[in-house]
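Peer 1: Below are the sequence and a predicted model for it; my questions follow.
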Amino acid sequence: MKKLLPPGDFRRYAVSTRYPRKLAGMVPFRQIGEGVYEVGWAVRRIRIIVLSRIPRKEKNALWLLFSTLPENVEYGAGHCRHSDEMSTLINDLFKKCRMEGIAMPYTMEDYQRDYVREHIHKLPPEERFRGLGLSGEEVRKITESKKQPR
């Protein structure tokens, strides 16, 4: 078994699309970089990355894909290093950002709906019918009736 890293090697991060004004009014923020702030929370330090305030640089390209600013998303899509090891969500988002006319903001609900539309044809008919809320018996009757010659 691999040896685990010690707890001191880990940092805590929060990511926000916009500057968290209410939180900044409750606890002191210390700016440590462009779009990066640090706050004390109990005995821990937390870094807050504000996506609308980070610079458009290659190293920030992946973060910029999640910005609320369309120009930042476009920059991120154009400069993000594509990898086969990226998750399906990131890969799909990467493809959508490369296409013209992506509506902003693109929510998780939008992603889920588009994902189903693009992949539903891969499901067998029985599973598609179950998605309509039909009982197992109803699904069985429909699929059997479709298999019988007319």
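Peer 2: All right, it came through fine.

Peer 1: any idea how far residue 69 is from residue 24?
Peer 2: 20 Å (Cβ to Cβ, to the nearest Å). C-beta coordinates here come from the backbone N, C-alpha and C atoms, glycine included.

Peer 1: the more surrounded of these two?
Peer 2: Between residue 24 and residue 69, counted using other Cβ atoms under 10 Å, residue 69 has the larger neighbour count: 17 against 13.

Peer 1: now the helices for the chain?
Peer 2: All helices of the chain, identified by DSSP state H, fall at 21-26, 61-64, 70-79, 88-98, 108-119, 125-130, 136-147.

Peer 1: which one of these has the lowest average pLDDT?
Peer 2: In terms of mean pLDDT, the lowest-scoring of the helices of the chain is helix 88-98 (a mean of 65).

Peer 1: and of the helices of the chain, who's closest to residue 10?
Peer 2: Closest of those to residue 10 is helix 61-64, at 19.2 Å (criterion: Cβ to Cβ).

Peer 1: With distance to residue 8 as new columns, can the helices of the chain be given to me in CSV?
Peer 2: Formatted as CSV, those follow (distance: least, Cβ to Cβ, whole Å):
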stretch, distance to residue 8
helix 21-26, 25
helix 61-64, 25
helix 70-79, 32
helix 88-98, 29
helix 108-119, 34
helix 125-130, 48
helix 136-147, 53
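
Peer 1: Looking at those helices, spot the one closest to residue 48.
Peer 2: Closest of the helices of the chain to residue 48 is helix 21-26, at 8.0 Å (criterion: Cβ to Cβ).

Peer 1: Any chance you could list what contacts the closest one?
Peer 2: Helix 21-26 has contacts (Cβ atoms under 8 Å, 6 or more residues apart in numbering) with 29, 37, 39.

Peer 1: Out of these, grab the one that's most surrounded.
Peer 2: residue 37 (22 neighbours).

Peer 1: Wait, that one touches residue 47, no?
Peer 2: Yes. Using Cβ atoms under 8 Å, residue 37 is in contact with residue 47, at 7.1 Å.
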